[in-house]
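Visitor: what's the 3D shape of this:
(chains A and B)
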Amino acid sequence: SQELEQSPQSLIVQEGKNLTINCTSSKTLYGLYWYKQKYGEGLIFLMMLQKGGEEKSHEKITAKLDEKKQQSSLHITASQPSHAGIYLCGADIGETSGSRLTFGEGTQLTVNP
Amino acid sequence: DTEVTQTPKHLVMGMTNKKSLKCEQHMGHRAMYWYKQKAKKPPELMFVYSYEKLSINESVPSRFSPECPNSSLLNLHLHALQPEDSALYLCASSQERWPPTNEKLFFGSGTQLSVL
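Guide: Below you'll find the predicted structure:
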């Protein structure tokens, strides 16, 4: 089973609409990362969250990590076509040295003008 | 310079060919990574180098051979690949080996590999 569950898998919104993407784990997250990827290209770092209850914003994107550190949400306000792409959450699932950054399956976002 | 540069961007090779993927960063990062990403799937870790030494090998087949000649360069040598190895290969780097979890990974734009 996937250790990081993202929902929805895909999302189509009209330009100007708000949207939320969720990332959930059954284990405590030791650091939660959000990346954006254009199809066939590299990953662009968006935000990193470490503390329970933490919230960060950059331009029109806000990410939160819940108090239990098992769920994160990414919220985009007044979406634009430039927000389109694949959003990936990544986290350290392991608790010992040698743990690694594991990614969720991604959310494909389409923003229609 | 906050870039991770990967070459080539696209590569087509036959199953008997030998080729290499290259990755370069000049941010002074001491950890470098290879990820493999199949279409519509998340990236999967292959190798991690820390201070030019291999620290993680995620049970990758021997037809993939990583090399870290110095702290700025990371290569992935390919030999006798199979069609199912066709994927986007991503290189990443971080200041120190991830974790600790306050490290950010910088990713390159990837090499799209097709094995015929």
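
Visitor: on contacts alone, who are the packing partners of the worst-scoring helix or strand of chain B on mean pLDDT?
Guide: The weakest-scoring helix or strand in chain B, judged by mean pLDDT, DSSP states H and E, is strand B:53-57 (a mean of 87). Packed against strand B:53-57 by the contact rule (3 or more Cβ pairs under 8 Å, 6 or more residues apart in numbering or on different chains; DSSP states H and E) you find strand B:44-50, strand B:64-70. C-betas here are computed from N, CA, C, even on glycine.

Visitor: quick one: A:Leu46 from chain B, how far?
Guide: Distance from A:Leu46 to chain B, counting by Cβ to the nearest Cβ, to the nearest Å: 10 Å.

Visitor: just to revisit the earlier point, redo the helices and strands packed on strand B:53-57 as CSV? Include mean neighbour count and mean pLDDT.
Guide: Shown next, in CSV, are those (neighbours: other Cβ atoms under 10 Å in any protein chain shown; pLDDT from 0 to 100):
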stretch, mean neighbour count, mean pLDDT
strand B:44-50, 20, 92
strand B:64-70, 15, 96
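
Visitor: got phi/psi on A:His83?
Guide: Dihedral pair for A:His83: phi -80, psi -10, per degrees, to the nearest 10.

Visitor: which element, helix or strand, includes the residue nearest to the spatial centre of chain B?
Guide: Centroid-nearest residue in chain B: B:Trp34, 2.7 Å away (criterion: Cα atoms, centre = their mean). B:Trp34 belongs to strand B:31-37 when assigned by DSSP states H and E.

Visitor: partner strands of that strand, parallel or antiparallel?
Guide: strand B:44-50 (antiparallel), strand B:87-94 (antiparallel) (DSSP bridges).

Visitor: can you list those in CSV and add distance to A:Tyr35?
Guide: Formatted as CSV, these follow (distance: least, Cβ to Cβ, whole Å):
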stretch, distance to A:Tyr35
strand B:44-50, 14
strand B:87-94, 10
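
Visitor: quick one, which of those is nearest to A:Met47?
Guide: Closest of the strands paired with strand B:31-37 to A:Met47 is strand B:87-94, at 15.9 Å (criterion: Cβ to Cβ).

Visitor: chain A contacts on chain B?
Guide: Residues of chain B lying near chain A by Cβ under 8 Å from any Cβ of the partner chain: B:4, B:6, B:40-43, B:45, B:48, B:55-56, B:58, B:88, B:90, B:92, B:98-99, B:101-102, B:104-110, B:112.

Visitor: which among those count as buried?
Guide: In the residues of chain B next to chain A, burial by neighbour count holds for B:4, B:6, B:42-43, B:45, B:48, B:56, B:88, B:90, B:92, B:98-99, B:101, B:105-110, B:112, counting by 16 or more other Cβ atoms under 10 Å in any protein chain shown.

Visitor: pull up the pairing partners for the helix-or-strand element of chain A with minimal mean pLDDT, direction included.
Guide: Lowest by mean pLDDT, DSSP H and E among the helices and strands of chain A is strand A:101-103, with a mean of 86. Strand pairing for strand A:101-103, determined by DSSP bridges: strand A:85-92 (antiparallel).

Visitor: and the strand it pairs with, average pLDDT?
Guide: Across strand A:85-92, pLDDT averages out at 92.

Visitor: hmm, who's touching it?
Guide: A:4, A:6, A:21, A:23, A:25, A:29-39, A:43, A:46, A:72, A:74, A:99-104, A:106-109, B:42-43, B:98-99, B:101 (Cβ atoms under 8 Å, 6 or more residues apart in numbering or on different chains).
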